[in-house]
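K.L.:
Here is the input, now give the coordinates:
(chains A, B and C)
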Amino acid sequence: MAVSVDEAVSTGSARDHTPPARRLGGRGRSVLEVALLTVLAVVMLFPVLWMIETSIKENRDVYAIPAKFFDFTITLDHYKDVFVAPDGGRSALSVSFLNSVVVAGVSTVLATVLGVPAAWAYSRFAVKAKKDQLFFILSTRFMPPVVVVIPIFLMYRQVGLIDNKLGLILIYAAFNVPFTIWMMKGFVDEVPAEYEDAAMLDGYTRLQAFRRFTLPLLVPGIAATAVFALIFSWNEFVFATFLTSSDSVRTAPPAIAGLIGGTTTDWGLVAASSVVFALPVLVFAYLVRKHLIAGVTLGAVRR
Amino acid sequence: MSDPAPLTIDNPGQVASTAPPAPGRSRRLSDRGLAVAFISPAMLLLLAMSVFPLLWSLYLSFTDYSATRGGPANFIGFGNYTAILTSAQVHTRALTTLIYVIGAVGLQTVLGFGIAYLISRRTHGRGVLTTLFLVPMMLSPVVVGLFWRFMLDAQFGVVNSMLGSVGLGQVEWLTRQRTALISLIVVDTWQWTPFIMLIALAGLSAVPKYLYEAASIDRASEWFRFRTITLPLVWPLLLIAVMFRAIEAFRLFDLVYILTNGGPGVSTETLSFHIYKVAFLGFNTGTASAYGILMVLVVIVLTQFYLRYLNKLKEG
Amino acid sequence: MRYQRRIGRTSVPGRKVRLATAAMLLVATTVAACGDGQDDDAKASAPKAPATIPELTKDPLTLSFIWFDWPPAQALEAFANAEYKKERPNATIKVNTVPNANWHDAMFTQFAARKTDFDIAILDSQHIGEAVTNGNILDITDFVKNNIDVKAYNPYLLAAYGQFPQAETGKRDENASLYGLPLLGDTWTMIYRKDLIGDKPPQTWDQMISAAEKCQADNPGVSGLAFHQANGSDAAAVTYNTVNGIYGGNLWDAKTRKIEGVLNDAAGQEAMDVLVNKMKPLTAKGSGNWFIDEVNAAVAQGKACIAFNWIAASGGLLDPKQSTLGSTREQILDKLGFATLPSQKTNLVPLGGMGMHVSAYSPTANQAEALNFMKWFERADVQKKWAAAGGVPSRTDALESPEFLNAGPFNQVYTDSVPRMRDMWNVPEYARLVDIENTNVNAALNGAKKPKDALDDIAKEQQGVLDSSNRKGGGGL
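P.N.:
Numbering: from 1, shown residues only, chains lettered A, B, ... in the order given. Okay, the predicted model is just below:
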């Protein structure tokens, strides 16, 4: 059962045992498969390409019928509009991007600081009712956000956390801690407990053993986990919409959604801000591609 | 859920060897203490941000409380629950959600597995292909929703434009009852097919080669090999992916909010979307809480199944 | 081993203490929560604003508004910062904006939180009931008596943006309380293509429909009509209400709180029939989710013969950068005409626009500043300047002033429409009522429901909402 995604993704482990050429007229079928894959890839990627294309079109080309695929004038005005307000100052969108950076960053740090030690403890010690605890932890992650937002709203209004970055940070951390624990427990399980045992034989306390010997080995795993937590907080929409209302607190997802539904919709701007918004996520996702499976299944599947 | 309690230490023999209390040992944390100290902060956050709000919700679900009207929260027993379970409005949304979950997850599974199968047969360019296919999954639902709304626009959307250029008529993607739900399924499928693909690919790569070699000696047909070797070995992992997606799809809110706003009429309103309306349009907090608790129950049951299955898989 | 057990035992109290602390925290918060619930009982209605403006602060102060994101919001911020600063140099005006779809939720979730990041809420006229009943905005009846010249206004305008309980259409009840003052007046204008249907706008609804029909037939690729059909905000509901009014229907009987049998009477049925069976076929395919911006886009792209939109949202139509109708404002105006709505059985038009309402949760100094701002804003000279800056004033003298009438081609339409206005219900249940109507009209327009069934469902469900106050459980479904 120990196959890493890396292996699944890499070219090295290709299954050369069944050369397709051997049966059914071989080459023709292979060509067909490649063609099919190409078509599927084009279909999957077309919306992304169209988004990028729209972001560099002038508005009259954006609405052109029939749609213009190649012959349009390229402009970077929409990208300028993402960051610069018409009066030359900072645009509301760029403020929201900054808010997103703060909220996603701090909540990720918080979730990591709380989640990694807990994951280590769950992995190393025989905690009573461990399975139940872990189940409980995971099920909090599966709660429908729309349901959670109601009592959170009531709670926040008692303590003044509505329309406050700290409020978003806390709720994102609460959604990311279960993920961090599940994901990190897998990574800790992979580090042999014997390392710590040996260190303790040398006179280190268990805490020291954890800090000096296990933790350094966990760094890549922590980085991957943190990136996934970051992506979740970065993309989150429901809490952001219902718990924020002012420009100075609002994060990017509701700000981008707010670009439609005025008196005119500037689709070029929507596309440009979407590209700017998606870019960091894609870069980060690429960095942690080895851990993607574990990352997208809350650490449940790691092979 | 329970408190962190009696611990046994992984390796008793080794404990014995470190046992002699050194002078500085009072400063040392015991393993137990360490476990408690490491687990409790995370647990406290979850208690404060998940459990406590849910208990509050549970309490409110038995009342007629409204967050804006203020006033006392009158205890009304199971009134909210019976009203929700017998409401035709809720049944409609439950049916919509069910169709959506089955349609979207079904389509994703078939497509995702298909793509994974095709990729697994390639010798070259697998890394690049997989990475490219994964892009949609990483995008925010806001971006996905907005952009598909733009592409599916009946008048100037690129989808109808392409249909037009091959001689097909305009389709009202977002404003007809059937097509709106189909559009929702298509967009979700576009975003999450890569998820199933990724997991299926991991499963496919893990099928031991010797099984295929044995089969090819027996001159078994390709379909036979697929049915008797590939599918049974990949299926358990695929099921994990399917269950995971089903739980996520069941909670769907943001895509509906942006793509169709529940329309036309209420025909694409999911359960989550309906709760939002009850909670934030009329501020019927009591009803919305009960509605939410019922959804949470479903999620817990689904999660329970999911984990049972996951454990079985790990042990087996 | 024995040693280890000892450790286990000694740490038990520690664990219990921790648990107890956690439990106490939970209990404390719960008690706090319930305690708040009881506080709520005390204040059942809106707190009163002082009759005269208290002394204003000399410290720098930011007066915040909340509105949805559209050009008038930016216009207001620019105008107020330029002009109000002359009177009050230490005050800065900030207009927070939220997406239109979130407007109601954003204001009322903050009201529910008993803490607002705005001092003046720009409420839709229909939101007043909900805000007053919940005690979210100040009662400014006495303030208005002492500071505002009420005779300078068409009484209905004053009532529509401030009075609760609601006034009869076209009137004001002088004994009723006031909770707001007009900020921006608005109504629908008919936008028609002079080059396609002629200079003279259709006078009756029937003529309008046949003109659109003919125009659509004569001009392939251009649809006859464009209007709001979306199921969000109040889009489809306003459309139906407008046709309902024009065909002599009523939304409800306010005295007996009856909707069932009133909304869906013969006139109401006829209006729904006209909307779905005569008007909808003349719209573009896939226009069933159109609201303000899509209608504007259709007009600007030259794809509609006749369109209906809010006046305050129509300014962008004259911008050559967004239009394919001409490369200058004059060229565009050669093609686009703006007119008051055609009449049929009545000449009613929808009341749009919003008032200014002071948040009950804003600090005293800000509330005083807010009252001062409102008094300033309703001055005759300021109203004219607001008109010149692109706003729609409410004082009769400003409405008839050249500053206003020359500021935009649709401003005459507004002034002519003022005596013809009708609003929706402004009861506390407004948000639910409008959602029921929106979704059902939208369903009828998009073939998801038969028109008659949709109208009957609206009447039945809305009546259910009005009557549900004494129901046990399940409110809001």
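
K.L.:
tell me the mean pLDDT over stretch A:200-220?
P.N.:
For stretch A:200-220, mean pLDDT is 91.

K.L.:
What are the boundaries of the strands in chain A?
P.N.:
In chain A, no segments count as strands under DSSP state E.

K.L.:
lowest confidence element among the helices and strands of it?
P.N.:
helix A:5-9 (a mean of 40; mean pLDDT, DSSP states H and E).

K.L.:
Look at the nearest residue in space to C:Ser468 that is not next to it in sequence and give its secondary structure.
P.N.:
With CB to CB, 6 or more residues apart in numbering or on different chains as the measure, C:Gly475 is the residue that lies nearest to C:Ser468, at 5.4 Å, once sequence neighbours are left out. The C-beta positions use only the backbone N, C-alpha and C, and glycine is treated the same way. Local secondary structure at C:Gly475 is given as coil here, using DSSP: H, G, I helix; E, B strand; the rest coil.

K.L.:
how many neighbours does C:Gly475 have?
P.N.:
The burial metric for C:Gly475, expressed as a neighbour count using other CB atoms under 10 Å in any protein chain shown, is 25.

K.L.:
B:Ser289 now?
P.N.:
Neighbour count of B:Ser289, defined by other CB under 10 Å: 28.

K.L.:
Could I get the contacting residues of it?
P.N.:
With contacts defined as CB atoms under 8 Å, 6 or more residues apart in numbering or on different chains, the neighbours of B:Ser289 are A:150-151, B:57-58, B:60-61, B:65, B:80.

K.L.:
Is B:Glu172 in contact with C:Lys285, as I believe?
P.N.:
Yes. Here B:Glu172 lies in contact with C:Lys285, judged by CB atoms under 8 Å, at a distance of 6.0 Å.

K.L.:
where do the contact lists of these two overlap?
P.N.:
Counting by CB under 8 Å, 6+ apart, the common neighbours of B:Glu172 and C:Lys285 are B:Ala154.

K.L.:
okay, those two: which has more neighbours?
P.N.:
Neighbour tally, B:Glu172 and C:Lys285, criterion other CB under 10 Å: the higher count belongs to B:Glu172, 21 against 14.

K.L.:
Distance-wise, check the more buried one relative to A:Leu215.
P.N.:
When CB to CB, to the nearest Å is the yardstick, B:Glu172 and A:Leu215 sit 57 Å from each other.

K.L.:
Could you tell me which residues of the stretch 51-200 of chain B lie near chain C?
P.N.:
When proximity is defined as CB under 8 Å from any CB of the partner chain, the stretch 51-200 of chain B approaches chain C at B:52, B:55-56, B:64-73, B:76-84, B:87, B:89-90, B:153-155, B:160, B:170, B:172-177.

K.L.:
Return the members of the residues you listed classed as buried.
P.N.:
With neighbours counted using 16 or more other CB atoms under 10 Å in any protein chain shown, these contain these buried positions: B:52, B:56, B:64-71, B:73, B:76, B:79-81, B:83-84, B:87, B:89-90, B:153-155, B:160, B:170, B:172-177.

K.L.:
Out of these, which are close to chain A?
P.N.:
When those are checked against chain A using CB under 8 Å from any CB, the ones in range are B:52, B:56, B:67, B:155.

K.L.:
quick check, the second one in a helix?
P.N.:
Translated: B:Trp56. Yes. Under the criterion used here (three-state DSSP), B:Trp56 sits inside a helix.

K.L.:
Surely it and A:Ile152 touch.
P.N.:
No. Under the contact definition of CB under 8 Å, B:Trp56 does not touch A:Ile152, with a separation of 9.3 Å.

K.L.:
Name the single longest helix found in chain B.
P.N.:
In terms of residue count, the longest helix belonging to chain B (DSSP state H) is helix B:88-120.

K.L.:
before we move on, what about chain A?
P.N.:
Secondary structure of chain A per DSSP H: the longest helix is helix A:92-124.

K.L.:
What residues sit buried inside that helix?
P.N.:
Within helix A:92-124, the residues that qualify as buried are A:92-97, A:99-100, A:103-104, A:106-108, A:110-112, A:114-124, counting by 16+ other CB under 10 Å.

K.L.:
now do stretch C:434-454
P.N.:
Residues of stretch C:434-454 classed as buried under the neighbour-count rule (16+ other CB under 10 Å) are C:434-449, C:451, C:454.

K.L.:
Please tell me how far B:Pro232 sits from A:Asp163.
P.N.:
Separation of B:Pro232 from A:Asp163 (CB to CB) stands at 53 Å.

K.L.:
Comparing these two, which residue is more hemmed in?
P.N.:
Legend: neighbour count by other CB under 10 Å for B:Pro232 and A:Asp163, higher for A:Asp163 (23 against 10).

K.L.:
B:His124 belongs to a helix?
P.N.:
No. Secondary structure of B:His124 (three-state DSSP): coil, not part of a helix.

K.L.:
Would you quantify the distance from it to chain C?
P.N.:
As defined by CB to the nearest CB, to the nearest Å, B:His124 lies at a distance of 43 Å from chain C.

K.L.:
What does whatever residue of the stretch 201-316 of chain B ends up closest to chain A show for phi and psi?
P.N.:
Residue nearest to chain A within the stretch 201-316 of chain B (CB to the nearest CB): B:Gly292, separated by 3.3 Å. Backbone torsions of B:Gly292, given as degrees, to the nearest 10, read phi -60, psi -40.

K.L.:
residue contacts, the nearest residue in space to C:Gln301 that is not next to it in sequence?
P.N.:
Nearest-residue entry for C:Gln301: C:Thr324, 5.6 Å, with adjacent residues in sequence omitted and distances by CB to CB, 6+ apart. Residues touching C:Thr324, when contacts are defined by CB under 8 Å, 6+ apart, comprise A:60, C:300-302.

K.L.:
Give me the PyMOL select line for those, limited to the buried ones.
P.N.:
Selecting only the buried members of the contacts of C:Thr324 in PyMOL, with burial defined as 16+ other CB under 10 Å, works like this:
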select buried, chain C and resi 300+301+302
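
K.L.:
Spatially, which two of the contacts of C:Thr324 are the most separated?
P.N.:
Greatest spacing in these, by CB to CB: A:Arg60 and C:Gly302 (12.0 Å).

K.L.:
Check whether C:Pro419 really touches C:Gly170, as I assumed.
P.N.:
Yes. Taking CB under 8 Å as the contact criterion, C:Pro419 and C:Gly170 are neighbours in contact, 7.3 Å apart.

K.L.:
the more surrounded of those two?
P.N.:
The residue with more neighbours, out of C:Pro419 and C:Gly170, is C:Gly170; 15 against 11, by other CB under 10 Å.

K.L.:
And the residue nearest to the more buried one when sequence neighbours are not counted, how far from A:Ala278?
P.N.:
Nearest in space to C:Gly170, with sequence neighbours left out and distances taken as CB to CB, 6+ apart, is C:Tyr156 at 5.1 Å. When distances are taken as CB to CB, C:Tyr156 and A:Ala278 turn out to be 50 Å apart.
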